[in-house]
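S.K.: 3D, please:
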Amino acid sequence: MTEEFYAPERVLVVVAHADDIEFGTAGTVARWTDAGTQVTYCIVTDNSSGSNDPNTNLADLVRLRQEEQIAAAKLVGVTDVRFLNYPDGVLQPTLDLRRDLTRVIRRVRPQIVVTMDPTTVFSSTNGYINHPDHRAAAEATVYAVFPSSETRPIFRELLDEGLEPHRVLKLYLGFSYQPTLYVDISVTWQRKADALLCHKSQVGEDVIKFVREMDEAEGKEGGLPVAEAFRVMTINEEPKADS
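M.R.: Prediction:
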């Protein structure tokens, strides 16, 4: 079953690393911003494990990868990029992380939260083992969406910060084996590719062919030329207008 494209007022995208969004979600993000949706990025780790060169200055790498992410975001219409700066490569779905993500959700107050599917461990198509940071960030995000962001007694210290509970309407899970939504990104695909190439410290031109083939494969599953796929979960129904 494929659901219709929904462009709300606000969307929050949460991932572990700079460049995760560009690989899997940036085409959809561009469609949202084109439709007037305000999109916020939240990058959980500090991206300091993005090099195996023993001579790398890790503090410089952190700054570079943040700059690359900000530049990539701008290409798809996103100017609000937030970094939580948890250590890269050893992320765990702790209560501290869930609290920090609940804080972001209550501040942004999105109708949709996007993250990866935390249940995906292996890719059946290319032998890829899903990075544990991806799953940790996603698990913490899922539980920040529900129950934490909408339940007043959870993380009461956030109330002291003036952050009232917020009910997210929909959760979009990328890199899922149970997709229900295929988003046509034919018009925005080149912007996605250009955004991915902003991450010069991590990728080169050769990655574009791989991403194109991946998006064409997802498009084929959804009856589209090129697409990004998500498992969509409706957490809360949209409030009905007063009659």
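
S.K.: Please identify the helix or strand for Y177.
M.R.: Under the criterion DSSP states H and E, no helix or strand holds Y177.

S.K.: Look up the closest residue to it, ignoring the ones flanking it.
M.R.: Nearest non-adjacent residue to Y177, counting by Cβ to Cβ, 6 or more residues apart in numbering: T120, 6.5 Å away. Any C-beta I mention is one placed from the backbone N, CA and C, and that applies to glycine too.

S.K.: That neighbour against F175, yeah?
M.R.: Yes - at 5.3 Å, T120 and F175 qualify as touching, with contact defined as Cβ atoms under 8 Å.

S.K.: what kind of secondary structure is V104 in?
M.R.: helix (DSSP: H, G, I helix; E, B strand; the rest coil).

S.K.: could you measure it against E9, distance?
M.R.: 17 Å (Cβ to Cβ, to the nearest Å).

S.K.: Which of these two has more residues huddled nearby?
M.R.: Set side by side, V104 and E9 show more neighbours around V104, with 22 against 11, by other Cβ atoms under 10 Å.

S.K.: so is the nearest residue to the more buried one once chain neighbours are set aside in a helix, a strand, or just coil?
M.R.: In space, and not counting its chain neighbours, V104 is closest to C42: 5.3 Å by Cβ to Cβ, 6+ apart. C42 carries the three-state label strand when classified by three-state DSSP.

S.K.: Tell me the bridge partners for C42.
M.R.: Note on C42: beta-bridge partners V14, R82, judged by DSSP bridges.

S.K.: Mind naming the longest helix for the protein?
M.R.: For the chain, the helix with the greatest residue count under DSSP state H is helix 58-75.

S.K.: tell me the secondary structure for K220?
M.R.: helix.

S.K.: Pull the number of nearby residues for it.
M.R.: K220 - counted by other Cβ under 10 Å - has 13 other residues nearby.

S.K.: Check the gap between it and T25 for me.
M.R.: Taking Cβ to Cβ, one finds K220 at 19 Å from T25.

S.K.: next one: V14
M.R.: To T25, V14 is 10 Å away according to Cβ to Cβ.

S.K.: Overlap in contacts, the two.
M.R.: V114 (Cβ atoms under 8 Å, 6 or more residues apart in numbering).

S.K.: For the helix or strand hosting L173, C-alpha coordinates in CSV please.
M.R.: Assigned by DSSP H and E, L173 belongs to strand 170-174. The C-alpha coordinates for strand 170-174 follow below in CSV (Å, rounded to 0.1, in the frame of the first residue of the first chain):
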residue,chain,number,x,y,z
LYS,A,170,3.6,10.7,11.7
LEU,A,171,6.9,8.9,11.9
TYR,A,172,8.8,8.2,8.7
LEU,A,173,11.3,5.4,8.8
GLY,A,174,13.9,5.2,6.0
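
S.K.: Sheet partners, orientation included, of the helix or strand just after it?
M.R.: The helix or strand immediately downstream of strand 170-174 is strand 181-184, counting by DSSP H and E. Sheet pairing of strand 181-184 (DSSP bridges) gives strand 227-234 (antiparallel).

S.K.: Rounded mean pLDDT for the strand it pairs with, please.
M.R.: If you average the pLDDT over strand 227-234, you get 96.

S.K.: now that strand, how far from the chain's geometric center?
M.R.: 12 Å (Cα atoms, centre = their mean, to the nearest Å).

S.K.: What are the buried residues along that strand?
M.R.: Neighbour counts over strand 227-234 (16 or more other Cβ atoms under 10 Å) mark A227, E228, A229, F230, R231, V232, M233 as buried.

S.K.: so who does D19 touch?
M.R.: So D19 contacts E68, Q69, A72, L196, H199, Q202, V203 (Cβ under 8 Å, 6+ apart).

S.K.: Looking at T120 and F175, which is more packed in?
M.R.: Using other Cβ under 10 Å as the criterion, T120 and F175 rank with F175 on top: 24 against 19.
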